[in-house]
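Colleague: The sequence isn't on hand, but the structure is:
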């Protein structure tokens, strides 16, 4: 009852016939469900399977004068709409994400359509990470920056994690009273003169182990710096900044100790200067605790947590703002409610801040508590308000965590059929010689 386009004559000789042919209708059979559209609709995207006459020719059924595809029927509604709308791609709600992705690949809609589809589905586009142009630098960069690239790279990552853990354990153990030097052993009384002996940190076993850890951290940082493709991007990376901050306290401590030893040898050091030096060293060495963040370089879980906190900054800001308002409100209320009570713990509004914080966060430390009826009523309202304040932004934060977690797991699952995680990652890395995967294939490691 209606004319159909015939693939036997895909290239008409004249323009008039070409215009007439583009207005003809074409029948597409998807697993028994027939779709009809105009040829000019498909011709908008000549690089795709349906838009290219040569590509779709092998699916033509001359007996029925139609194209037959044994594919998912619900997905084709969106595929056909892609041609009809000029490039809009929307996944049907009853079609799984992985199945629709396979349909996009089968109909050869292209990388741009796939990228737009992933963005609409909430996937964040990974920024391209360049590789060094020189072959030797590329091998070193893969060795220290990408543990998944080879067995030796994975071994270096394991060594790095072990050194980080040793450094953190040493940082904690050196504060044990049993392992500290007795301060009385540093004092010698000679006649009427009291001599204070400053302990030599350089001979401390903990300092020796710390030195070995710093040697590894410094070596790793220097190697990665000289092998990185961009020196400016290297310093802009947050993880590299943490690496630098983690080793600076050691060198400051070492320099201070050497300077003090030199002054002691010249007889210039005084007790007050030594006490000040020790106080400064305590503050500086406290920065070593940031080394624990170095583990996030090798932990997907910590990376997901960091992405969650970054995406939830607005909700966290609202939470802190609400807590701030509640602390001011309830600390003022409990102070005036307990003002006439002689045994009251709340001597001022600032003193009540601590009580308001532990009450709103449902900790209930117990060192401060109201004793009057009015104060107890204020305390009850404070606890209820705290529960509501904390509960409101928590679902959003949990939702963000679930999103990043499932995105990570789905990415790993999609990478497995393609031969592993490396194939999934290689599209995000580019170098002068090709992709990350190509670099791995030609690696001498």
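Modeller: Nice, I can see it. Quick caveat: nothing in here was measured; it's all calculated off a predicted structure. Numbering: from 1, shown residues only.
Colleague: Ramachandran angles for residue 61?
Modeller: The main-chain torsion angles of residue 61 are listed as degrees, to the nearest 10 and equal phi -110, psi 100.
Colleague: What residues does it make contact with?
Modeller: With contacts taken as Cβ atoms under 8 Å, 6 or more residues apart in numbering, residue 61 has the following neighbours: 29, 67, 68. In this view, the C-beta of every residue, glycine as well, is placed from N, C-alpha and C.
Colleague: can you rerun that using 6 Å?
Modeller: residue 68 (Cβ atoms under 6 Å, 6 or more residues apart in numbering).
Colleague: now do residue 137
Modeller: For residue 137, the set of contacting residues under the criterion of Cβ under 6 Å, 6+ apart consists of residue 227.
Colleague: so it is in which element?
Modeller: Following DSSP states H and E, the helix or strand that holds residue 137 is helix 135-145.
Colleague: from the middle of its chain, how far away would that helix be?
Modeller: Using Cα atoms, centre = their mean, to the nearest Å, the distance from the centre of helix 135-145 to the centre of the chain it belongs to is 22 Å.
Colleague: what's the angle between whichever helix or strand comes after that helix and helix 135-145?
Modeller: Heading C-terminal from helix 135-145, the first helix or strand you meet, by DSSP H and E, is helix 151-173. Inter-element angle recorded for helix 151-173 and helix 135-145: 40 degrees (by axes from the mean of the first three to the mean of the last three Cα atoms, to 10 degrees).
Colleague: Outline the domain layout of the chain.
Modeller: Using the TED database, the domain ranges for the chain come out as 25-121, 135-261+274-298, 302-412.
Colleague: hey, least reliable of the ones you listed by pLDDT?
Modeller: Taking each of the domains of the chain in turn, the lowest mean pLDDT turns up on domain 135-261+274-298, with a mean of 78.
Colleague: Ends of that one, what's the gap?
Modeller: 25 Å (Cα to Cα, to the nearest Å).
Colleague: For residue 25, which residues count as its bridge partners?
Modeller: Taking DSSP bridges as the rule, residue 25 bridges to residue 4, residue 38.
Colleague: count of neighbours near it?
Modeller: A count of neighbours around residue 25, defined by other Cβ atoms under 10 Å, yields 13.
Colleague: I'd assumed residue 39 was in contact with it.
Modeller: No - at 7.4 Å, residue 25 does not count as touching residue 39 under the criterion of Cβ atoms under 6 Å.
Colleague: Just say helix, strand or coil for residue 366.
Modeller: Applying DSSP: H, G, I helix; E, B strand; the rest coil to residue 366 yields a three-state assignment of coil.
Colleague: Could you give the number of residues near it?
Modeller: Counted with other Cβ under 10 Å, the neighbours of residue 366 add up to 8.
Colleague: give the contact list for residue 331.
Modeller: With the criterion set at Cβ under 6 Å, 6+ apart, residue 331 makes contact with 349, 352, 353, 356.
Colleague: Thank you kindly, that will do.
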